[in-house]
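Novice: Provided below are the primary sequence and the corresponding predicted coordinates.
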Amino acid sequence: MDERKTKNFVKETYSAIAQTESSCGCSCCGDTVDFLAIGKKIGYSENDLKNLPEAANMGLGCGNPVALASLKEGETVLDLGSGAGIDVFLAAKKVGSTGKAIGVDMTQAMVDRAKANAVDYGYKNVEFRLGEIEKMPVDDDSVDAIISNCVINLSTNKDQVFKEAYRVLKNGGRLMVSDLVTEGELPDEVRQSLDAWACCIGGALEKQKYLESIRKAGFKDVKIASEAIYDFDVAKELDGKIKSIHVEAYKK
């Protein structure tokens, strides 16, 4: 794959998604537009979803990393690929007024939408920054926890993402992410498809390669906290080959 072409396609796709109200905008979502149902299916509680800015839930993601992260009051948490802000807003409630939740996203439209949500709902302890997760606009050793929800698979350089995550975490900090991985290799036509990349499939690493990429960055105690077969509304030929995993790792 041409990395620049792939990144630009993904960026354009999610910029368009940020400006629509009708669906998640991705072909693998099929015709489903019930965002509440989608959110509950991937791990959010109904209470979570009903106490968030409605425009923050766009039917994206493959898990609930905030539930995994065990966030505490006063902590600083960073969300990689924060989109319209759903996980940042959930994290902000956990860390409280003495903490901070930061979102980084490479699309201006998503950042603008998230910032508008924060203003409309009076969030004071959140911040949204425009930037790429391969080169985060975040200081060294400055965050307690990193979360991400089905975004790292979109990167064309996952090793660099995990190196950056290690850089910005404080010693003792933790990485708690939800993502899609594969069981075995995917067909070449899927790997080469820009649509498949934008739908979080084409760039998904094989499970053990994903974990090894985290270890290579320096993380310790890397493990899968939970995993499940990921069901698609379409692309039935991939049933059973894609898994949703929750991964935890630590900087020591």
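Specialist: Done, it's in.

Novice: how about the helices of this structure, start to end?
Specialist: 3-18, 35-41, 46-50, 65-69, 86-95, 108-120, 158-168, 188-191, 194-198, 207-216 (DSSP state H).

Novice: and the residue nearest the centre of the chain, what is it in contact with?
Specialist: Of all residues in the chain, the one closest to the mean position by Cα atoms, centre = their mean is Asn149, 2.4 Å from it. The contact partners of Asn149, taken as Cβ atoms under 8 Å, 6 or more residues apart in numbering, are 60-65, 79, 81, 86-87, 177-179. In this view, the C-beta of every residue, glycine as well, is placed from N, C-alpha and C.

Novice: ok, now Lys94?
Specialist: 66, 69, 71-73, 77 are the contacts of Lys94 under Cβ under 8 Å, 6+ apart.

Novice: List only buried entries from those.
Specialist: Among these, those that count as buried by neighbour count (16 or more other Cβ atoms under 10 Å) are 66, 69, 71, 77.

Novice: Could you measure from the third one over to Val77?
Specialist: Yep, that's Leu71 we're talking about. As judged by Cβ to Cβ, to the nearest Å, Leu71 and Val77 stand 6 Å apart.

Novice: between the two, what contacts are shared?
Specialist: By Cβ under 8 Å, 6+ apart, the residues touching both Leu71 and Val77 are 91, 94-95, 99, 145.

Novice: Averaging pLDDT per element, find the lowest-scoring helix or strand in this protein.
Specialist: helix 35-41 (a mean of 68; mean pLDDT, DSSP states H and E).

Novice: which residues of the stretch 151-252 of the chain score low on pLDDT?
Specialist: Counting by pLDDT under 70, the stretch 151-252 of the chain contains low-confidence ranges at 232-237, 239.

Novice: Give me the residues contacting stretch 49-56.
Specialist: With Cβ under 8 Å, 6+ apart as the test, stretch 49-56 has contacts from 35-36, 39-40, 57, 83-86, 89-90, 93, 113-114, 116-118, 120-121.

Novice: Let's see that with 10 Å instead.
Specialist: Stretch 49-56 is contacted from outside by 18, 21, 35-40, 44-45, 57, 82-90, 93, 113-114, 116-121, 123, using Cβ atoms under 10 Å, 6 or more residues apart in numbering.

Novice: mind listing what Glu212 touches?
Specialist: 159, 205-206, 222.

Novice: That one and Asp120, how far apart?
Specialist: 42 Å.
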